[in-house]
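Novice: Attaching a predicted model along with its sequence, questions to come.
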Amino acid sequence: MQTKPLCFCAAGLRQILSDVIEEVRRSVGQDIDGAEVLHSLLTSSWLQSLLKVYECLQRHLRESPAPVLDYASGMSLQVLFNGFTPCVCALLSAHDTVAQKDYDPVLPPIPEELPEDEEATRIVCLVKNNQPLGATIKRNEITGEIFVARVIHGGLAERSGLLHAGDRVIEVNGFCVDGMEPEQVIQVQACSHGTIMFKVIPITERPVHNQTMLYVRAMTDYSPQQDPSIPCVDAGMSFRRGDILEIVDQTDTLWWQAKKLQSNSACAGLIPSTNLLKRKQREFWWSQPYQPHACTQTPGFRRSMRLCRRRSVSTTQLSCHTRCPSSCCSSLNNPFEEVVRYQRHPEDMHRLIALLGPSGVGVNELRRRLIEMNPNIFQGAVPHTTRAPRGYEEFGREYYFTSRESFDNMIYNNRFLEYGEYKGSLYGTSVDAVKEVLNNGKICVIDVEPNALQSLRTHELKAFIIYVKPPSLECLRTTRKESYITTNYYVNRPFKDEDFQEMEEAARKMESQYRQYFDQVIINDELQDSCVQLLTAVRRSQDEPQWVPASWIRPTAES
Ligand SMILES: Nc1ncnc2c1ncn2[C@@H]1O[C@H](COP(=O)(O)OP(=O)(O)OP(=O)(O)O)[C@@H](O)[C@H]1O
């Protein structure tokens with residue numbers, strides 16, 4: 001191979017590389033062992049990119065900007081005199097900082113007296129810049145030694161790569177911490193503002209963690225401020241039901257590290273693990289005085305006769321344990337629901353659209369308008385009833401008229417998403433009625449009571465749940481001036497202030513219990529705007545990736 005003088009200018013490097021490639025290419029032709037692999041390596045795009053980066057750096061070194069003056073701040077007085085703003089003075093001062101290369105943090109000198117077992121210790125200096133350290137400590141109660149308990153993902157300590165869980169801390173800012181309480185150690189480190197120096201004995205064998213990516217939907221609320229058992233309140237992360245969390249570390253069986261998807265913080269926070277949260281919830285549940293089951297206190301029964309759903313929940317015989325998704329039971333079972341990103345394939349069945357909201361908010365109005373907008377695309381599900389058909393009604397159009405016996409059979413076989421009794425007749429929306437619409441390639445739009453949510457959230461229907469929320473009282477008064485409310489007695493009358501207050505109260509309860517299931521919230525202020533929002537949400541649900549329970553996609557996985 002021909003050799004060239006080693007020249008580190010970019011063009012020289014590129015020349016060397018192309019010579020080498022040419023040489024290797026010839027060897028490929030001669031069938032020399034390994035030449036093919038080498039050739040593909042040298043021609044790989046990443047090597048070319050690396051070379052480009054190198055070229056850029058070289059160019060920057062050659063053309064590095066030179067300071068205009070050594071001390072430009074001297075011009076400030078002149079600038080001020082001429083009426084320029086302090087911003088210009090600040091610019092000049094920044095110029096000087098760069099010109100004098102005065103931007104490196106000033107670190108304290110490394111102590112001269114190093115202990116004999118010097119190899120075992122490490123001095124770590126971190127520039128805090130008002131950020132939290134991103135590590136927690138613990139004390140060995142027998143020896144009094146202080147250890148790094150955990151390093152928070154994305155925090156200062158982790159980014160430095162110098163502190164690890166299990167490292168023994170000997171000194172902080174020159175203070176020996178052996179025998180100190182963790183709170184005292186925190187006090188010492190809290191006192192330092194610029195830099196902080198640790199003397200540590202690094203852990204000898206750092207465990208290797210193969211963390212898999214895990215995303216969950218919180219099914220409960222959590223606040224570190226209200227949890228006396230959290231190892232470090234400041235490192236804790238609060239979350240609300242419905243938040244999507246990325247679990248970044250499950251090393252500790254009790255305290256996980258997580259990031260909130262909606263937040264743009266690079267730093268993770270501590271949250272209780274599933275098992276710990278379950279334990280806390282059980283303890284809390286047992287500590288509460290007896291209250292009637294929340295499932296029997298469903299807020300805001302609807303007044304309209306949509307399926308007569310308002311109807312006595314007591315007659316629906318729904319088993320709370322299997323069906324009620326409210327916070328009182330299902331979150332006790334599972335405080336986190338594993339979720340995955342799901343994008344419906346254009347050839348797959350559409351996702352079921354389910355609307356819910358407090359009575360009178362306009363769920364039915366919005367549903368009706370959506371279907372009217374394009375009946376070829378949107379359709380409701382035909383309900384079943386045991387009542388006799390009226391003159392104008394047709395089987396399969398208004399209702400599927402059925403005998404009490406076959407209705408009971410359907411209940412027994414779990415074929416209803418929801419059902420209830422009104423004036424001695426049974427009414428219900430069946431899974432098959434929904435599937436019939438979906439199988440015809442249409443988007444099925446139904447409105448439901450919160451009790452039905454669990455039965456909609458299945459692999460089969462993949463319901464997208466839209467919560468219709470009332471706007472402020474003020475806005476309700478102005479937007480509903482011309483509207484009529486349907487009362488329990490089928491009387492239409494104008495809305496009163498009490499109706500709005502009742503609606504807001506029902507909304508508050510519904511949100512506090514079921515928020516975790518809402519895929520979208522629409523505030524129904526101006527009807528026209530709400531319709532547009534609904535249409536957009538429905539389109540997004542069908543065409544854009546959404547978070548759905550992992551069990552829908554991997555039906556065998558535990559959700
Ligand atoms: N944004 C809005 N602005 C003005 N009027 C509205 C708006 N939304 C709904 N309405 C009117 O409010 C009344 C109640 O609406 P709707 O029947 O849809 O309520 P609902 O949520 O289905 O509750 P219920 O089941 O108890 O009837 C209707 O007269 C409807 O036209």
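Specialist: Done, it's in. Numbering: from 1, shown residues only.
Novice: Which positions in the protein make contact with the ligand?
Specialist: Contact residues, the chain versus the ligand (CB under 6 Å from any ligand atom): 302-304, 306, 357, 359-365, 479-480, 483-486, 524, 527, 530. Glycine gets a C-beta too; all of them are placed from N, C-alpha and C.
Novice: at 8 Å instead, please
Specialist: Contact residues, the chain versus the ligand (CB under 8 Å from any ligand atom): 302-304, 306, 310, 357-368, 447, 468, 479-480, 482-486, 492, 495, 524-527, 530.
Novice: Can you pull the domain assignment for the protein?
Specialist: Here the domain assignment for the chain is 10-62, 71-102, 118-201, 214-287, 345-382+411-553, based on automatic domain parsing.
Novice: Does residue 167 touch residue 146 like I think?
Specialist: No - the pair residue 167 / residue 146 is not scored as a contact, 9.8 Å apart, by CB atoms under 8 Å.
Novice: Counting neighbours, go ahead and name the busier of these two.
Specialist: Neighbour comparison, residue 167 and residue 146: the larger count goes to residue 146, with 26 against 23 (by other CB atoms under 10 Å).
Novice: and the more buried one, backbone torsions?
Specialist: When read as degrees, to the nearest 10, the backbone of residue 146 gives phi -100, psi 130.
Novice: before we move on, what about the one 10 residues further on?
Specialist: When quoted as degrees, to the nearest 10, the phi and psi of residue 156 stand at phi -60, psi -50.
Novice: In this structure, what helix or strand scores lowest on average pLDDT?
Specialist: helix 320-323 (a mean of 34; mean pLDDT, DSSP states H and E).
Novice: give me the residue from the stretch 1-150 of the chain nearest the ligand.
Specialist: Of all residues in the stretch 1-150 of the chain, residue 132 sits closest to the ligand, at 45.6 Å by CB to the nearest ligand atom.
Novice: need the contact list for the nearest residue to residue 442 once chain neighbours are set aside.
Specialist: Once flanking residues are discounted, residue 442 sits nearest to residue 379: 4.7 Å by CB to CB, 6 or more residues apart in numbering. Residues in contact with residue 379, defined by CB atoms under 8 Å, 6 or more residues apart in numbering, are 371, 437, 440, 442-445.
Novice: One more pass at 10 Å, please.
Specialist: Under the criterion of CB atoms under 10 Å, 6 or more residues apart in numbering, the neighbours of residue 379 are 371, 434, 436-438, 440, 442-446.
Novice: Using a markdown table, lay out the domains of the chain together with distance to residue 394 and mean pLDDT.
Specialist: Shown next, in a markdown table, are those (distance: least, CB to CB, whole Å; pLDDT from 0 to 100):
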| stretch | distance to residue 394 | mean pLDDT |
| --- | --- | --- |
| domain 10-62 | 66 | 79 |
| domain 71-102 | 76 | 74 |
| domain 118-201 | 61 | 85 |
| domain 214-287 | 41 | 90 |
| domain 345-382+411-553 | 10 | 94 |
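Novice: Kindly present those domains as TSV, with separate columns for distance to residue 405.
Specialist: As requested, those are arranged in TSV below (distance: least, CB to CB, whole Å):
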stretch	distance to residue 405
domain 10-62	70
domain 71-102	83
domain 118-201	59
domain 214-287	38
domain 345-382+411-553	11
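Novice: How about the spatially most central residue of the chain: what's its closest non-neighbour residue?
Specialist: The structure's the chain has its C-alpha centroid closest to residue 244; by CA atoms, centre = their mean the separation is 2.3 Å. Closest residue in space to residue 244, ignoring its immediate chain neighbours: residue 261 at 4.3 Å, by CB to CB, 6+ apart.
Novice: mind listing what the closest residue to residue 521 other than its chain neighbours touches?
Specialist: On the basis of CB to CB, 6+ apart, the spatially nearest residue to residue 521 that is not a chain neighbour turns out to be residue 467, at 4.9 Å. Residues in contact with residue 467 (CB under 10 Å, 6+ apart) are 354-358, 361, 363, 450, 507, 510-511, 514-515, 517-523.
Novice: Sheet-wise, list the partners of the helix or strand harbouring residue 467 with their directions.
Specialist: Using DSSP states H and E, residue 467 sits in strand 464-469. Using DSSP bridges, strand 464-469 pairs in its sheet with strand 353-356 (parallel), strand 520-523 (parallel).
Novice: Quick check: buried residues in the first one?
Specialist: Under the neighbour-count criterion of 16 or more other CB atoms under 10 Å, strand 353-356 has 353-356 buried.
Novice: Turn those residues into CSV, including distance to residue 42.
Specialist: What follows is the buried residues of strand 353-356, written out as CSV (distance: CB to CB, whole Å):
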residue, distance to residue 42
353, 55
354, 58
355, 60
356, 61
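Novice: hang on, the earlier thing: ok, now how distant is the residue nearest to residue 244 from the ligand?
Specialist: Here the criterion is CB to the nearest ligand atom, to the nearest Å. By it, residue 261 lies 31 Å from the ligand.
Novice: which residues touch that residue?
Specialist: 215, 217, 243-246, 339, 547.
Novice: ok, residue 433 - contacts?
Specialist: Neighbour list for residue 433: 380-384, 396, 399-400, 415-417, 444, 446 [criterion: CB under 10 Å, 6+ apart].
Novice: Over to residue 50?
Specialist: Residue 50 makes contact with residue 44, according to CB under 10 Å, 6+ apart.
Novice: would it count as being in a helix?
Specialist: Yes - assessed with DSSP: H, G, I helix; E, B strand; the rest coil, residue 50 lies in a helix.
Novice: Skip ahead from the strand holding residue 467 and say which helix or strand is next.
Specialist: helix 473-479.
Novice: Using PDB, list the CA coordinates for that next one.
Specialist: The C-alpha trace of helix 473-479 is given here as PDB (Å, rounded to 0.1, in the frame of the first residue of the first chain):
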ATOM      1  CA  LEU A 473     -70.900  29.200  35.000                       C
ATOM      2  CA  GLU A 474     -70.700  32.600  33.300                       C
ATOM      3  CA  CYS A 475     -70.200  30.900  29.900                       C
ATOM      4  CA  LEU A 476     -73.100  28.400  30.500                       C
ATOM      5  CA  ARG A 477     -75.400  31.400  31.200                       C
ATOM      6  CA  THR A 478     -74.600  33.100  28.000                       C
ATOM      7  CA  THR A 479     -74.400  30.100  25.600                       C
END
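Novice: Which elements pack onto that helix?
Specialist: Counting contacts by 3 or more CB pairs under 10 Å, 6 or more residues apart in numbering; DSSP states H and E, helix 473-479 is packed against helix 497-514.
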